[in-house]
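Novice: The sequence and its predicted three-dimensional model are supplied below.
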Amino acid sequence: MSKITSINHITLIVDNLEETARFYENELGLEPLAAFEFDYPAAFFKINETQQLHLSEWEDATSFRAHVALNTPEFNHIFRRSKELGIIDIKPWGRVRRLPDGAMQMFIRDPAGNLVEIVSGTNDDIDPAIFEDELYKDGIYVSGRNDFRGYKSANATLHHGE
């Protein structure tokens with residue numbers, strides 16, 4: 001049997017490499033890395049010591065709900081800046097929320113339209129003003145589909161290794 005040990009990188013398809021690369025570098029603070037000498041536009045970013053985010057420019061359609069989730073110790077700052085930029089998207093997965101494990105989650109769109117989930121730690125200090133914001137809602141996202149297939153638990157978490 002094979003075994004997968006970690007995620008190496010995630011590639012997002014973008015329609016304007018330079019604009020989207022500036023967003024990940026300047027707004028989300030990711031460090032640019034050298035990419036291979038591909039014959040198409042591409043940019044690599046360091047997420048941590050072992051994981052990368054790759055951007056690649058193609059004329060593909062973006063997904064409505066598929067997303068990459070990024071952990072941050074600066075949820076409050078990213079929430080305020082994302083609200084200022086008008087990039088918080090509540091349509092695919094609902095409003096900004098505190099999950100049952102204590103982590104905060106929100107979804108934003110990068111300049112190419114990719115959906116990015118921003119996740120706090122389970123015990124991070126969250127600005128109380130966020131809980132009063134019009135974009136916040138208590139409880140997990142409810143789709144209304146009433147289809148309960150899958151592996152689920154009241155003790156689920158986004159931070160299983162902590």
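Specialist: The structure has been received and is ready for your questions. Numbers count the residues shown, from 1 in each chain.

Novice: what's the distance between the residue sitting nearest the centre point of the chain and residue 69?
Specialist: What sits nearest the mean C-alpha location of the chain, by CA atoms, centre = their mean, is residue 117, with 2.4 Å. In this view, residue 117 and residue 69 are 4 Å apart by CB to CB, to the nearest Å. Using the backbone N, CA and C atoms, a C-beta is placed for each residue, glycine as well.

Novice: which neighbours do these two share?
Specialist: residue 105 (CB atoms under 8 Å, 6 or more residues apart in numbering).

Novice: on that earlier part again, and the helix or strand where the residue nearest to the centre of the chain lies, what other elements does it pack with?
Specialist: Assigning secondary structure by DSSP states H and E places residue 117 in strand 115-119. In terms of contacts (3 or more CB pairs under 8 Å, 6 or more residues apart in numbering; DSSP states H and E), strand 115-119 is packed against strand 67-71, helix 75-85, strand 104-109.

Novice: can you pull the buried residues of it?
Specialist: 115-119 (16 or more other CB atoms under 10 Å).

Novice: rewinding a little: turn the helices and strands packed on strand 115-119 into a markdown table, columns for distance to residue 41.
Specialist: What follows is these, written out as a markdown table (distance: least, CB to CB, whole Å):
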| stretch | distance to residue 41 |
| --- | --- |
| strand 67-71 | 19 |
| helix 75-85 | 23 |
| strand 104-109 | 20 |
